[in-house]
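Trainee: Sequence and predicted structure below; questions after.
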Amino acid sequence: MRKETLVGAFVLGGVVLLLAAFVLFGRFHPFQNKLHATLVFQGASSGLTVGSPVTFRGVQVGTVDRVSIEYDPTTQRAYIPVSITMQPDNIKLTNGRSAGLPSIPELVGQGLRGEMNLKSFVTGSSEINLDFAPQIPAVLHPELVSGDEIPTRRSTIQQVTQTLTELPLRQLADNTEQTLASLRALSEQLDRQLPGLIDSLRATSDHSRTLIDNTNTTIATLQAQLATTLRGIDRLTQAGTTQLDARGRQIDGVLGKTDAALTRANRSLDALADITSARSTQRADLDASLRDIAAAAASLRGFAAEIERNPQLLLTGRRP
């Protein structure tokens, strides 16, 4: 009986030591709070293995537990579900809040997204980085994931890789080859035509130099003629100014005489207006004179009529 007790105690001590070893040196922590989630990637996941770190902005918050492949024969697409475990005990809320961390769906609703990044270029290992990106639409896969899922997004390296993959490299190579062929043909054509072109440019340059010399000579001659013309114009301007001054004085005299004549004409018109006025004495005398002249003219017409009827009146006169 004592022997069995010792064996049992030894076995129990071994189990306790084994559990302590797992707790202290392994990944088994039965008393820590853990969050489990799945991320579904569609691209290549090279370098991502079990135990790869899960980080949030560079700080490790968990590890990768499982990497698998899901193939859909209908759409002929392959998906890579990655199961992760996060330990949020080291994450503290601000302002001293005592409430627990939000759940995975709540964090996803707030914009939590995951991406696969290359951890080391030397070893080629990868890691999963978590961050908030609410501008990225949340694409979930309920047909592949039964628990909580964190939507994924393409990393910068994956975007660059996809861009390079989608580049029409063959077409670019063909275009580059055609461009080089065109440049080679142009170079050969220039080698054949450049000497003649250089000679033509040299002849054109000599002709242009001669033309410039002739132009300079002509310009100098024109400058001398233009100076002579300008001096003549200056003399003509001065003579015209002198004549205008003399004619101005004459015009002033003529205008003065014209003003005097106009004054006399105005006076004459005023006198004539006085004469022709209905109330003026001169007009009354003129009217009386005109009546006397009219009467004399009537008497002369009567006498002329009588003489026309009896010419002897010129000799005998009228008898009483």
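Mentor: Looks like it arrived, so ask away.
Trainee: What is the helix ranked longest in the chain packed up against?
Mentor: Ranked by residue count, the top helix of the chain under DSSP state H comes out as helix 169-276. Packing contacts for helix 169-276, counted by 3 or more C-beta pairs under 8 Å, 6 or more residues apart in numbering; DSSP states H and E, involve helix 281-309. No exception for glycine: its C-beta is placed from N, CA and C like everyone else's.
Trainee: Quick check, pLDDT for residue 149.
Mentor: For residue 149, the pLDDT comes out at 92.
Trainee: Tell me the bridge partners for it.
Mentor: In this entry, residue 149 is beta-bridged to residue 38, by DSSP bridges.
Trainee: and it, how far is that from residue 71?
Mentor: Distance of residue 149 to residue 71, given as C-beta to C-beta, to the nearest Å: 18 Å.
Trainee: Neighbour count for those two, which is higher?
Mentor: residue 149 (22 against 9; other C-beta atoms under 10 Å).
Trainee: quick one, what contacts that one?
Mentor: With contact taken as C-beta atoms under 8 Å, 6 or more residues apart in numbering, residue 149 is in contact with 37-40, 104, 108, 140-142.
Trainee: likewise residue 265?
Mentor: Residues in contact with residue 265 (C-beta under 8 Å, 6+ apart): none are found.
Trainee: picking up where we left off before, now the longest helix of the chain: mean pLDDT?
Mentor: Averaged across helix 169-276, pLDDT comes to 82.
Trainee: What helix or strand is the residue most central in space within the chain located in?
Mentor: Most central in the chain under C-alpha atoms, centre = their mean is residue 135, positioned 29.3 Å from the mean C-alpha point. Assigned by DSSP states H and E, residue 135 belongs to no helix or strand.
Trainee: Now it. Nearest residue, chain neighbours left out?
Mentor: Spatial nearest neighbour of residue 135, chain neighbours left out: residue 111 (7.8 Å); criterion: C-beta to C-beta, 6 or more residues apart in numbering.
Trainee: The one you found reaches residue 150, doesn't it?
Mentor: No. With contacts counted by C-beta atoms under 8 Å, residue 111 stays clear of residue 150, the gap being 11.0 Å.
Trainee: The two: which has the busier surroundings?
Mentor: Counted by other C-beta under 10 Å, residue 111 and residue 150 do not tie: residue 150 has more neighbours, with 24 against 14.
Trainee: distance of that one from residue 253?
Mentor: Distance, residue 150 to residue 253, using C-beta to C-beta: 114 Å.
Trainee: Now do the same for residue 81: its pLDDT.
Mentor: 93.
Trainee: One more: residue 9?
Mentor: Per-residue confidence at residue 9 stands at 66 (pLDDT).
Trainee: Grab the nearest non-local neighbour of residue 132.
Mentor: Spatially, and ignoring its direct neighbours in sequence, residue 132 is nearest to residue 111 (4.3 Å; C-beta to C-beta, 6+ apart).
Trainee: and that neighbour, what does it touch?
Mentor: Contacts for residue 111 (C-beta under 8 Å, 6+ apart) come out as 132-136.
Trainee: and which of those is nearest residue 262?
Mentor: residue 135 (97.7 Å; C-beta to C-beta).
Trainee: quick one, domains of this structure?
Mentor: Here the domain parsing of the chain from automatic domain parsing is 27-89+102-165, 277-316.
Trainee: Tabulate these in TSV, adding columns for distance to residue 233.
Mentor: TSV is the format used below for those (distance: least, C-beta to C-beta, whole Å):
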stretch	distance to residue 233
domain 27-89+102-165	77
domain 277-316	62
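Trainee: So which of the ones you listed is nearest residue 228?
Mentor: In terms of C-beta to C-beta, the element of those nearest to residue 228 is domain 277-316, at 71.0 Å.
Trainee: give me the number of residues near residue 141?
Mentor: Residue 141: 16 surrounding residues under other C-beta under 10 Å.
Trainee: show me the contacts for the closest residue to it other than its chain neighbours.
Mentor: Leaving aside its sequence neighbours, residue 141 sits nearest to residue 40 (C-beta to C-beta, 6+ apart; 4.8 Å). Residue 40 sits next to 70, 79-82, 141, 144-145, 149, 152 when contact means C-beta under 8 Å, 6+ apart.
Trainee: Would you confirm that residue 40 belongs to a strand?
Mentor: Yes. The assignment for residue 40 by DSSP: H, G, I helix; E, B strand; the rest coil puts it in a strand.
Trainee: Need the per-residue pLDDT for it.
Mentor: Residue 40 is assigned a predicted lDDT (pLDDT) of 92.
Trainee: next one: residue 37
Mentor: 93.
Trainee: So it sits against residue 146, correct?
Mentor: No. Between residue 37 and residue 146 there is no contact under C-beta under 8 Å: 11.6 Å.
Trainee: Compare neighbour counts for these two and give me the winner.
Mentor: Taking neighbours as other C-beta under 10 Å, residue 37 and residue 146 compare with residue 37 leading, 23 against 8.
Trainee: what's near enough to touch residue 47?
Mentor: By C-beta under 8 Å, 6+ apart, the residues touching residue 47 are 118-119, 123-126.
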